[in-house]
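J.: predicted model and sequence follow; I will ask about them next.
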Amino acid sequence: MHAKLDLNLLVALDALLEECSVTRAAARLRITEPAMSRTLGRIRRVLGDPVLVRAGHTMQPTPHAVAIAAEVHALVQRAYTVLAPTAELDLGSLERTFTIVANDAVVTSVGDHLVSRVGSQAHGVTLRFLAELAGDSSRLREGTTDLEIGVIRAAAPEIRTEQLAEDHHVLLMRDDNPLAEGELTAKRLAGARHIVTSRRGRMNGPIDNALSDLGLSRRVVATAPTFAATMLLLMGSDSFVSLVPRLHHRRTAQALGLTLRDIPLDLPPVHVTQAWHPRDDADAAHVWLRRQVRESVRAMLK
């Protein structure tokens, strides 16, 4: 292995073997003929072969030069491909599967719009939605996930994030639930039978702190790992209620005949964010995908 091998010699060797002329190779690479002659001398020393030999008024490649000519040309072409500026994104020919981590509330609220929007522009793109993992996830860092969408409370320092929307919690229940009518006070809210959505099975949240400040507490009767499971549980009784993000459930609640009501408590806002790894920061296809997510969330807000 040549510790100080100059890979620019490959470009010169490729030109010399194609032109079989120091003069034409020099003109092709836009250098002087003496400079090309010196480069040929270096190539001969590196290869231990004359490469080109005089045959009358022309130069002919040696058998070794003929044997390596195709490989040299292929290496040079691959180098040009690797070092060339990124080509403009061609959505018509883009063939790619993007893996997106999101909870079911995000998928059901924005997923159909996102899939339709992506499909109308790039027929060869597939969106692969995965559920959130309980606990910290390193899938963005490992490269097994392209994008995460949702409430991202803690991310590795290098992870890029973009806030897409600010949401707030509302109370979800059946239309015939007693809390669907009349003034919704903190006392009535605390007295309801609550279902909590938590993939980790947690039963406490900001609402419990707010109620505690008023000397109240609520009764949690069940936890569910997904919002879809929570909504199905709500449909089973007129006494169940659940705190959910409004934007994610407005459309679904209407479809299922459920009611959303604002709550009489001041709770922290819910920030909907997309996150990705820096390796994808400048990738044209990934930039395009993030724009589609951004536009789909905006459409959901209307």
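T.: Noted; the coordinates are in hand.

J.: helices of this protein, start to end?
T.: Ranges of helices in the chain, per DSSP state H, are 8-19, 22-29, 33-47, 63-83, 104-121, 139-142, 186-190, 206-213, 227-234, 246-256, 284-301.

J.: for the longest one, what is the distance to the chain centroid?
T.: From the chain centre to the centre of helix 63-83 is a distance of 36 Å (Cα atoms, centre = their mean, to the nearest Å).

J.: what helices or strands is it leaning on?
T.: On a contact count with 3 or more Cβ pairs under 8 Å, 6 or more residues apart in numbering; DSSP states H and E, helix 63-83 meets helix 8-19. Placement of C-beta: from N, CA and C, glycine included.

J.: by contact count, what packs against the helix it packs on?
T.: Helix 8-19 is packed against helix 22-29, helix 33-47, helix 63-83, with contacts defined by 3+ Cβ pairs under 8 Å, 6+ apart.

J.: quick one, which of these is packed in tightest?
T.: Compared across the helices and strands packed on helix 8-19, helix 22-29 shows the largest average neighbour count, a mean of 18 (mean count of other Cβ atoms under 10 Å).

J.: what does it rub up against?
T.: Helix 22-29 has contacts (Cβ atoms under 8 Å, 6 or more residues apart in numbering) with 11-12, 15-16, 18-19, 32-33, 35-37, 40, 52, 59.

J.: over to stretch 97-109?
T.: The contact list for stretch 97-109 (Cβ under 8 Å, 6+ apart) reads 111, 125-133, 137, 139, 144-150, 199, 226-228, 244-245, 247-252, 272, 286, 289, 300.

J.: can you tell me what sits against the helix or strand of the chain with the lowest mean pLDDT?
T.: The least trusted helix or strand in the chain, going by mean pLDDT, DSSP states H and E, turns out to be helix 246-256, with a mean of 78. With contacts defined as Cβ under 8 Å, 6+ apart, helix 246-256 is touched by 105-106, 108-109, 165, 167-170, 172, 227, 231, 235, 258-260, 272, 300-301.

J.: phi first, then psi, for the residue of the chain most remote from its centre.
T.: The centre of the chain is farthest from one residue, residue 56, which by Cα atoms, centre = their mean lies 62.1 Å away. Here is the backbone geometry of residue 56 (degrees, to the nearest 10): phi 70, psi -120.

J.: and it, how close does it get to residue 205?
T.: For residue 56, the distance to residue 205 (Cβ to Cβ, to the nearest Å) stands at 90 Å.

J.: cool, and residue 144?
T.: Residue 144 is 30 Å from residue 205, by Cβ to Cβ.

J.: who's more crowded, the two?
T.: Per other Cβ atoms under 10 Å, whichever of residue 144 and residue 205 has more neighbours is residue 205, with 16 against 12.

J.: just to revisit the earlier point, may I have the least confident helix or strand of the chain as CSV, with CA atoms only?
T.: Provided in CSV are the C-alpha atoms of helix 246-256 (Å, rounded to 0.1, in the frame of the first residue of the first chain):
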residue,chain,number,x,y,z
ARG,A,246,-57.5,18.6,20.9
LEU,A,247,-55.8,18.8,17.4
HIS,A,248,-55.2,15.1,17.3
HIS,A,249,-58.7,14.1,18.2
ARG,A,250,-61.0,16.7,16.7
ARG,A,251,-61.7,14.7,13.5
THR,A,252,-61.7,11.3,15.1
ALA,A,253,-64.0,12.3,17.8
GLN,A,254,-66.6,13.5,15.3
ALA,A,255,-66.3,10.3,13.3
LEU,A,256,-66.9,8.2,16.5
